[in-house]
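Colleague: Quick one: sequence and predicted model below, then my questions.
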Amino acid sequence: MDLTTLKYARTHEWVAADGDVATIGITDFAVKALTDLVYVDLPSAGTQVAVGDNCGEVESVKAVSDLYAPVSGEIVEVNESIADDLDALSEDAFGRGWLLKIRMANPDDLDQLLSRAAYEEVCQAEEH
């Protein structure tokens, strides 16, 4: 996947938009920061979310990190296999490691997200 075509939230979620459906996951930076992942808790399909809503948790041996909705809309699909394949997050965060698909209520939400270059700047600032 071309990471420059994705959009990014400051809270370390990535978004791949295809029409009005946005595929959401957590970034490679977030996975590395969390290290040993032990559990993922995701909402059910049909759940309505607004930008910034808590829509799950990713738990590692050292921290629990909230998953925030980077776009508003209805969750139309959840990656059910991720609970049994947490390695997908560390091995393929932008592919097999996707978490949610949201039918966007407002595709303009994407305009508020960051480019890959801007997101990398956020990550560099957090490392210092």
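Modeller: Nice, thanks for sending it over. Residues are numbered from 1 along each chain as shown.
Colleague: partners of the residue nearest the centre of the chain in the sheet?
Modeller: The C-alpha lying nearest the average C-alpha coordinate of the chain belongs to Gly25 (Cα atoms, centre = their mean; 2.7 Å). Beta-bridge partners for Gly25, by DSSP bridges, are Trp14.
Colleague: wait, what's in contact with it?
Modeller: 13-14, 89, 93-94, 97-100 (Cβ atoms under 8 Å, 6 or more residues apart in numbering). To be clear about C-beta, it is placed using only N, CA and C from the backbone, and glycine gets the same treatment.
Colleague: burial count for the residue nearest to Leu114 when sequence neighbours are not counted?
Modeller: Nearest non-adjacent residue to Leu114, counting by Cβ to Cβ, 6 or more residues apart in numbering: Tyr8, 4.5 Å away. Other residues within reach of Tyr8, judged by other Cβ atoms under 10 Å, total 23.
Colleague: Then Glu121?
Modeller: Glu121 has 12 neighbouring residues, counting by other Cβ under 10 Å.
Colleague: tell me the contacts of it?
Modeller: Not one residue lies near Glu121 by Cβ under 8 Å, 6+ apart.
Colleague: Thanks a lot, catch you later.
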